[in-house]
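Undergrad: take this sequence and fold it.
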Amino acid sequence: MCLSQITAATSGGVAMGRSEQHVLSDRAEIRFRVMQALQDNPKMSQRALSRKLGVSLGGVNYCIRALIEKGAIKVENFRASNNKKGYAYILTPEGLTQKGRLTRRFLQRKIAEYETLKAEISRLEDELRTEDQDG
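TA: Numbers count the residues shown, from 1 in each chain. Next up, the predicted model:
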């Protein structure tokens, strides 16, 4: 399942207030997930990131370039065992700060979605109880 499907399944199908929708944009969520994956494994290739996140390779490349421009990550060369050049994407102190902000916004978004889903489930359960009593 790709990130857009996850986002659509969790955000698109859930009625959220206008202010809640701006808690974390889909683009910011991808940036957050890229930063999270690179923090866990700085030597992860863009292709592996693409597969892991369900985002196009071009989308991952664009995101990484933007993060480099913003000073959130730095790139270091390393040589893999097969003598091909590889890259390590290291989060900078600024990148860690940005990731912290994104984490907070991501959590707020997921809590809002959870609360909305919880209310919808409760409403549907009440509806079923009413139908069972009437039927």
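Undergrad: the closest residue in space to V34 that isn't next to it in sequence sits in which helix or strand?
TA: Excluding its sequence neighbours, the residue lying closest to V34 (Cβ to Cβ, 6 or more residues apart in numbering) is C63, at 5.1 Å. Placement of C-beta: from N, CA and C, glycine included. Assignment of secondary structure by DSSP states H and E places C63 within helix 57-69.
Undergrad: first to last residue in stretch 30-50, what's the distance?
TA: Using Cα to Cα, to the nearest Å, the end-to-end distance of stretch 30-50 comes to 11 Å.
Undergrad: re the thing from before, and the contacts of the helix holding C63?
TA: Helix 57-69 is contacted from outside by 30-31, 34-35, 46-47, 49-50, 53, 55, 73-75, 89, 95, using Cβ atoms under 8 Å, 6 or more residues apart in numbering.
Undergrad: ditto for stretch 90-98
TA: With Cβ under 8 Å, 6+ apart as the criterion, stretch 90-98 contacts 35, 38-39, 42, 67, 70-76, 99.
Undergrad: where is pLDDT lowest across those residues?
TA: For the contacts of stretch 90-98, the weakest pLDDT value sits at E76, with 88.
Undergrad: which of the three states applies to it?
TA: strand (DSSP: H, G, I helix; E, B strand; the rest coil).
Undergrad: that one: neighbour count?
TA: By the criterion of other Cβ atoms under 10 Å, E76 has 11 neighbours.
Undergrad: now do the SS call for the residue most central in space within the chain.
TA: Centroid-nearest residue in the chain, with Cα atoms, centre = their mean: E29, separated by 3.5 Å. Of the three states, E29 takes helix according to three-state DSSP.
Undergrad: angle of the lengthiest helix in the chain against helix 57-69?
TA: Taking DSSP state H as the criterion, the chain has its longest helix at helix 93-134. If you take axes from the mean of the first three to the mean of the last three Cα atoms, to 10 degrees, helix 93-134 sits at 130 degrees to helix 57-69.
Undergrad: helix 93-134: how far from the chain's middle?
TA: The chain centre lies 15 Å from the centre of helix 93-134; the measure is Cα atoms, centre = their mean, to the nearest Å.
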